[in-house]
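S.K.: Build me a model from this:
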Amino acid sequence: MPAFFCHNAGMAAVTLLSIIESAAHPNLSRAYKQLGIAETKLNSMRKALAALKNQKFDYIVAEFFYGYGSNYAGVNISNLDVMLYSLQKYSPDSHVIVLVDKSEREYVDTLNEIFPLHAVLQYPVGEADIMQVLNS
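M.R.: Model (predicted):
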């Protein structure tokens, strides 16, 4: 039986926010459902930041995009920096799972030194990969 399955209907469901910013983000909804996790899907970081002000999530699954040049205004490493700063205030107990392309994997380590990440999964990512991380 999956670790997240709730026998008691009164128990709060485990929540997960999927931030889907590109076509590379795999559809992992079936795995989340099998684990009894309530998934919220959003297609932009702006919408995700707004949601985080109103709801705490147990897990956040997001794609990593390195800030080459001026994409993220100098001090930021990636598209995730602002969200990770916001988590410190709005949802400090959230576990962040990052999906990353092999070509940008080295930059995630720099981000992980500033904001400890729960897991980093390199593409291709499948249901078995995410289930292993969520069950650990």
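
S.K.: now the residue nearest to Val100 when sequence neighbours are not counted: how far from Lys102?
M.R.: Take Val100 and drop its neighbours on the chain: the residue closest to it by CB to CB, 6 or more residues apart in numbering is Phe64, 4.2 Å away. (C-beta placed from N, C-alpha, C; glycine too.) Note on Phe64: its distance to Lys102, by CB to CB, to the nearest Å, is 11 Å.

S.K.: Which one's more surrounded, these two?
M.R.: Phe64 (22 against 9; other CB atoms under 10 Å).

S.K.: per-residue confidence at the more buried one?
M.R.: Per-residue pLDDT puts Phe64 at 95.

S.K.: where in this protein is pLDDT low?
M.R.: For the chain, residues meeting the criterion pLDDT under 70 lie at 1-12, 69-75.

S.K.: Give me the distance from the helix or strand Thr15 falls within to the chain's centre.
M.R.: Using DSSP states H and E, Thr15 maps to strand 14-19. Distance, stretch centre to chain centre, for strand 14-19: 7 Å (CA atoms, centre = their mean, to the nearest Å).

S.K.: now do stretch 22-37
M.R.: 11 Å.

S.K.: send the alpha carbons of it over as CSV?
M.R.: The C-alpha trace of stretch 22-37 is given here as CSV (Å, rounded to 0.1, in the frame of the first residue of the first chain):
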residue,chain,number,x,y,z
SER,A,22,7.0,23.7,-20.9
ALA,A,23,6.1,20.7,-22.9
ALA,A,24,9.0,18.8,-21.4
HIS,A,25,7.2,18.5,-18.1
PRO,A,26,6.0,14.9,-17.9
ASN,A,27,2.4,14.2,-17.0
LEU,A,28,2.8,12.5,-13.6
SER,A,29,-0.8,12.8,-12.5
ARG,A,30,-1.5,9.1,-12.6
ALA,A,31,1.4,8.5,-10.2
TYR,A,32,0.2,11.2,-7.8
LYS,A,33,-3.3,9.7,-7.9
GLN,A,34,-2.0,6.2,-7.1
LEU,A,35,-0.2,7.7,-4.1
GLY,A,36,-3.4,9.5,-2.9
ILE,A,37,-1.9,12.9,-3.5
